[in-house]
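> sequence and predicted structure, then a few things I'm wondering about:
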Amino acid sequence: GPAPPPGHGDILSGLPKKTQSYFFFQITNVTSFRSQLLQVAPLVTTVAQVLKDRKAIEDHKKKGNTTLLTMVGVNIAFSHKGLATIGIDDSNLTSDNNFLIGQKADAQSLGDKGTGDGANFVPDWDPAFLKDIHGVFLISGDSHGTVNKRLDQVKNIFFVGSSKASIKEVTTIVGDVRPGKLSAHEHFGFLDGISNPSIIGFDNNPNPGPKPVPAGVLVTGHEGDPATTPRPEWAVDGSFFVFRYLFQNVPEFDEYLKANPVPVPGLTREEGSELLGARLVGRWKSGAPIDLAPFKDDPELAADPKRNNNFHFAAERDFQKNCPFAAHVRKTNPRDDLEALTPPISTQKNRIARRGVQFGPEVTKEEKQSGKTSHGRGLLFACYQTSITDAFAFIQKSWANNATFPIGEQAPEVPGLDPLIGQGDRKLSGTDPNNPAKELTMPDFVISRGGEYFFSPSLKGLKKTLAI
Ligand code: N7H
């Protein structure tokens, strides 16, 4: 039969999860750690296993079951410092300078707030992320019980917490999808996980939408991998993994929408606020894209996978009537804004597979009343790609934080910053379709409190090279 799809299970498919724990660690005994790694390898989830698990979940649901199947998935990834610590030469991964310097050294350039400058810059991060992080275990599953059991199993392999320990915990962060009907929605209320790259040869019947990309956009060593020199064998079939600890000021976001309804004639104040939210994201909370449903939500469109990602800003290249240039989904995947220019600019190498999960509690009554956040919540942002420099870092720095992107061939207005994740002088144009030049200024709604850049090796790389 055909070769199995490359890479471990989280890259091409995404580990099924209701909850996910990130265990960040430092290696304290290299020799023990490397030999113990062999015992972890069988726990790392393959793509084949994920596909089987997904099918089992589907069949279980089809039979009318409302309970969750017990399910657990594991992945491991190393920072550059981690690879260096165990003596793996990763200097030939250099098409990725961001990976080599690490996220802390990249934080100022990503626009994170902090003190000092240049080499002395210290981001305002959770103190755990100011420490050296060598690696991370990602453990996903149906419940805290299942995930904790698997995490304990992993920790026991390395004798974590005992005098024989070969690694020590830096921090553990737990993410949970939201309860009930909101389970697929992020904390601002928008449906997430709709648009991820379709992979040629893997997604056999891709839904209409952005151009499918070759596997090498997500998996190293395959067609489309932007590496300029061949990957060493241990680094084939892996992927670069970005983690960002992003807090969301939800009550403040809601208050902002309330205070700034889009003044479209015929809409109530409330509808105007809802429209503003949709125009900041580029989709309604339902997931319906505003390029196709500009002034009124369309839940049927939102629920139809054949239509809900099939928009290209095609009629809008120089305009922002339907969708602001700076809307989050337009900034982070500009589609025809670049791909239909003459000559076209391909966005293939800028695509990412997003695998994040929410963290923190639902907004409380008190927070709703005061309009102020008092419990930390947000997104454990996670994504895979074959070049952090071309993909995540490029999207954040050159698109989200860049006021002049995207701009059509003769766009009349300066777009401004991505209103969700843009860092810098936070304002954008285009929120009012009848007065596109009008700019709205906004406070930070998303605050970065940490992160790291990682490489997640294939099982073969893990067993044959990283473990001895
Ligand atoms: Fe974004 N949000 O909840 O509003 N994102 N994002 N993101 N994001 C997307 O189409 C969100 C962040 C991308 O192909 C949707 O699946 C929030 C970072 C990309 O059309 C929603 C945060 C980066 C896409 C959100 C956050 C990106 C995307 C629409 C932070 C990269 C696909 C759902 C707390 C630097 C675009 C969907 C496409 C979609 C939200 C962060 C990138 C609702 C709250 C840091 C590439």
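Received, thanks. Numbering: from 1, shown residues only.
> and the helix or strand of the chain with the lowest mean pLDDT, what does it pack against?
Within the chain, no helix or strand scores below helix 9-12, which has a mean of 83 by mean pLDDT, DSSP states H and E. On a contact count with 3 or more Cβ pairs under 8 Å, 6 or more residues apart in numbering; DSSP states H and E, helix 9-12 meets helix 47-62, strand 72-78. From N, CA and C alone the C-beta is placed, and that goes for glycine too.
> between these, which gets the lowest average pLDDT?
The stretch with the lowest mean pLDDT among the helices and strands packed on helix 9-12 is helix 47-62, at a mean of 87.
> so what's the residue count around the residue nearest to residue 275 when sequence neighbours are not counted?
The shortest distance from residue 275 to any non-neighbouring residue, by Cβ to Cβ, 6 or more residues apart in numbering, is to residue 262 (4.5 Å). Residues lying near residue 262 (other Cβ atoms under 10 Å) number 23.
> can you pull the contacts of residue 262?
Neighbouring residues of residue 262 by Cβ atoms under 8 Å, 6 or more residues apart in numbering: 272, 273, 275, 276, 279, 431, 432, 433.
> which two of those have the greatest separation?
273 and 433 (15.0 Å; Cβ to Cβ).
> ok, the nearest residue in space to residue 134 that is not next to it in sequence to residue 341 distance?
Distances taken as Cβ to Cβ, 6+ apart put residue 82 closest to residue 134, at 3.2 Å, once the chain neighbours are dropped. Remark: distance between residue 82 and residue 341 (Cβ to Cβ, to the nearest Å) = 40 Å.
> who's more crowded, those two?
Counted by other Cβ under 10 Å, residue 82 and residue 341 do not tie: residue 82 has more neighbours, with 26 against 13.
> what about the more buried one, which helix or strand?
Under the criterion of DSSP states H and E, residue 82 resides in helix 80-85.
> C-alpha coordinates for that helix, PDB please?
Output in PDB follows, covering the C-alpha atoms of helix 80-85 (Å, rounded to 0.1, in the frame of the first residue of the first chain):
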ATOM      1  CA  HIS A  80      17.600  24.500  20.500                       C
ATOM      2  CA  LYS A  81      19.000  24.700  24.000                       C
ATOM      3  CA  GLY A  82      17.700  21.300  24.700                       C
ATOM      4  CA  LEU A  83      19.300  19.800  21.600                       C
ATOM      5  CA  ALA A  84      22.600  21.500  22.400                       C
ATOM      6  CA  THR A  85      22.400  20.100  25.900                       C
END
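> can you tell me the average pLDDT over the next helix or strand after it?
Following helix 80-85 in sequence order, the next helix or strand is helix 97-101 (DSSP H and E). Per-region confidence: helix 97-101 scores 94 on mean pLDDT.
> what about the strands in the chain?
Applying DSSP state E to the chain gives strands spanning 19-27, 72-78, 114-115, 122-123, 135-141, 167-176, 239-248, 353-354, 357-359, 378-385, 427-429, 439-441, 446-456.
> those: which one's closest to residue 193?
It's strand 353-354; of the strands of the chain, that one is closest to residue 193 (Cβ to Cβ) at 7.0 Å.
> kindly report the residues of the stretch 201-350 of the chain close to the ligand.
244, 246, 248, 281, 283, 328, 329, 332, 333 (Cβ under 6 Å from any ligand atom).
> and the fifth one, how many neighbours?
So that's residue 283. Residue 283: 30 neighbours (other Cβ under 10 Å).
> separation between it and residue 323?
9 Å.
> list residues touching both of those two?
289, 290.
> what about stretch 304-324, how long is it end to end?
23 Å (Cα to Cα, to the nearest Å).
> contacting residues around that stretch?
With contact meaning Cβ under 8 Å, 6+ apart, stretch 304-324 is reached by 194-195, 207-210, 279-280, 282, 287-292, 294, 301-302, 330, 334-337, 339-341, 408-413, 415, 428-431, 433, 436.
> please, a PyMOL command that selects the buried ones among these?
To isolate the buried ones among the contacts of stretch 304-324 in PyMOL, judged by 16 or more other Cβ atoms under 10 Å, type:
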select buried, resi 194+195+207+209+210+279+280+282+287+288+289+290+291+292+294+301+302+330+334+335+336+337+339+408+411+413+415+428+429+430+431+433+436
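> do stretch 177-189 and the ligand meet?
Yes: Stretch 177-189 comes into contact with the ligand (Cβ under 6 Å from any ligand atom), by way of 186, 188.
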